[in-house]
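Enquirer: predicted model, plus sequence, below.
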Amino acid sequence: MLKKTICTLIMLLIVVALVDEAGAGRRRGRSSSRSRQMRKIQKAFKAEQKRYQKQYKKDMKEYQKYQKIVGEQQRKAAIIAHKREKRAKANRLKKQEERREKRREYRLKNESTLGKTNSRKPSVARHVSLPKIKLLMKKLDKDKNGSLTKQEVKGSLFEKQFQVLDKNKDGKIVLKEAYHLKTVVNTKKEKKQVKSTSSLFNAQKKKKISKK
């Protein structure tokens with residue numbers, strides 16, 4: 001009986017030992033399988049990383065090449081624009097200079113022409129005001145008929161403009177025609193006449209204001 005019990009215990013111990021050995025073997029197999037998988041994953045990751053780095057370097061080279069081309073195009077465009085602007089500015093300055101030269105020549109020509117006829121520069125022609133015309137006509141109208149003849153306007157502003165003012169060519173100037181009289185003053189006598197007429201008109205105006 002004791003022998004049987006001892007044999008049974010020994011058998012149990014052997015079975016337990018065998019089971020443990022089998023479990024350890026399975027565990028070793030599983031761990032080696034896991035390590036193989038991890039190594040594969042790491043290898044694939046490294047390969048992908050290398051491929052990505054290679055592609056990145058290639059893309060960067062392409063981008064730098066593109067940037068260089070764009071930069072060169074921009075530089076050329078800027079040079080062309082600068083040249084065009086410089087040329088346009090030069091043309092503008094040339095045209096301005098030509099216009100100034102033409103104005104100067106025209107002014108010199110006019111001054112030389114005026115210098116031949118009159119040494120002094122004539123006043124700008126302006127229309128004489130109606131009250132002044134009335135006063136001047138009253139002063140020149142000897143026969144008091146409201147019109148001026150060629151004889152009456154001698155030596156006055158009307159004399160040189162008589163033909164122009166006499167619209168209906170009847171040899172007389174009436175107030176309606178005299179309204180177109182202009183202050184074309186060249187001689188001392190004409191200046192004096194305009195001045196005396198203006199001063200007389202201003203004096204009469206002041207007198208009217210004082211009466212009021």
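Expert: Nice, I can see it. All figures in this text were calculated on a predicted structure; none of them were measured in a lab. Numbering: from 1, shown residues only.

Enquirer: and this protein, what are its domains?
Expert: 50-119, 130-211 (automatic domain parsing).

Enquirer: which helix or strand in this structure has the lowest average pLDDT?
Expert: One helix or strand of the chain scores below all others by mean pLDDT, DSSP states H and E: helix 188-211, with a mean of 52.

Enquirer: among the domains of the chain, which gets the worst mean confidence?
Expert: With a mean of 63, domain 130-211 has the lowest mean pLDDT of the domains of the chain.

Enquirer: the helices in the protein, which residues?
Expert: For the chain, the helices defined by DSSP state H occupy 2-117, 130-140, 157-165, 175-178, 188-211.

Enquirer: pull stretch 75-82 out as PDB, backbone CA atoms only.
Expert: Extracted C-alpha coordinates of stretch 75-82, given in PDB (Å, rounded to 0.1, in the frame of the first residue of the first chain):
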ATOM      1  CA  ARG A  75      13.700  89.700 -60.400                       C
ATOM      2  CA  LYS A  76      13.500  89.900 -64.200                       C
ATOM      3  CA  ALA A  77       9.900  91.300 -64.000                       C
ATOM      4  CA  ALA A  78      11.100  94.000 -61.500                       C
ATOM      5  CA  ILE A  79      14.000  95.000 -63.800                       C
ATOM      6  CA  ILE A  80      11.600  95.300 -66.800                       C
ATOM      7  CA  ALA A  81       9.100  97.300 -64.700                       C
ATOM      8  CA  HIS A  82      11.900  99.600 -63.500                       C
END
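
Enquirer: quick check: buried residues in it?
Expert: Buried positions in stretch 75-82, judged by neighbour count with 16 or more other C-beta atoms under 10 Å: none. Where you see a C-beta, it was placed from the backbone N, CA and C, and this is true even at glycine.

Enquirer: again, but for stretch 34-43
Expert: Per 16+ other C-beta under 10 Å, stretch 34-43 contains no buried residues.
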